[in-house]
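Q: model this:
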Amino acid sequence: MKKIFFVLLLVFFLSACGNESNAVGNSDVEETEISTMEFGNFDNDLNSYTDEMGETYTILDKYKSDESADNGFNEVNFDGYEYKFSVLAVESDSQEYIALVGETENTTDNSVQFNSEAEIITDTQEQAESDFLYAVGKSAPSVVTDAFILIPINRGIPESFSLEINTPWVVLDNGEQGGHIGSNVKMDFHKE
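A: Residues are numbered from 1 along each chain as shown. Purely as a prediction, here's the structure:
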């Protein structure tokens, strides 16, 4: 019985030690796991986020469009595939990015593939595309998925930029690409 108790205690201890945080807020606050929706919410007092690959991103600036809510979120509906996101300038390991931070919800009756293909053209005359490593991927019907889409930039933090997001598409039963859902979305953003 003592051996079983010891093994259970050891398992509990090891699992507690291995529970690393997913994100960090102010340096005075204990690390806690947060979602992309919490990190993207301008009303929160968060300044950095650590993704599932262990990369930490620090907020450098925040952006809004004419359609943005007070908390920074923008809502796009690709005919039933909903995308809610805020826009941040972030930095990780001396690389700057424009980050689209939020979540998607598949309210269609089909599996949907969202490669998170986005492109910006900045006021500093830079044209940049999203990094496919951070694609949302395939979502079954009724699934909500975190979205953390990065667009690497190399000419400094822009004052403003235009953003175009390409449509997702239906995934057929055989896994092949079906038709696109909705239309590409174009929006203009400026520093908050």
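Q: Contact partners for the residue most central in space within the chain?
A: Closest residue to the average C-alpha location of the chain: F148 at 1.7 Å, with C-alpha atoms, centre = their mean. Applying C-beta atoms under 8 Å, 6 or more residues apart in numbering, we find F148 in contact with 36, 49, 51, 99-101, 134. Placement of C-beta: from N, CA and C, glycine included.
Q: From those, pick the one nearest Q113.
A: Nearest to Q113 among these, counting by C-beta to C-beta, is Y134 at 14.4 Å.
Q: Am I right that E38 falls within a strand?
A: No - checked against DSSP: H, G, I helix; E, B strand; the rest coil, E38 lies outside a strand; its state is helix.
Q: so how many other residues sit close to it?
A: By other C-beta atoms under 10 Å, the residues close to E38 number 16.
Q: what does D109 give?
A: 9.
Q: Low-confidence ranges, this protein, go.
A: Residue ranges of the chain with pLDDT under 70: 1-32.
Q: Would you confirm that L163 belongs to a strand?
A: Yes - with three-state DSSP as the criterion, L163 is located in a strand.
Q: can you pull out the helices in the protein?
A: Using DSSP state H, the helices of the chain run over 2-17, 36-40.
Q: OK, contacts around the nearest residue to the residue nearest to the centre of the chain once chain neighbours are set aside?
A: Leaving aside its chain neighbours, F148 sits nearest to T36 (5.2 Å; criterion: C-beta to C-beta, 6 or more residues apart in numbering). T36 makes contact with 49, 101-103, 146-148, according to C-beta under 8 Å, 6+ apart.
Q: Next, format these as a markdown table and append distance to E192.
A: Shown next, in a markdown table, are those (distance: C-beta to C-beta, whole Å):
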| residue | distance to E192 |
| --- | --- |
| Y49 | 18 |
| V101 | 14 |
| G102 | 16 |
| E103 | 21 |
| D146 | 22 |
| A147 | 20 |
| F148 | 19 |
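Q: what's the farthest-apart pair in those?
A: Pairwise distances across the contacts of T36 peak at 13.8 Å for Y49 and E103 (criterion: C-beta to C-beta).
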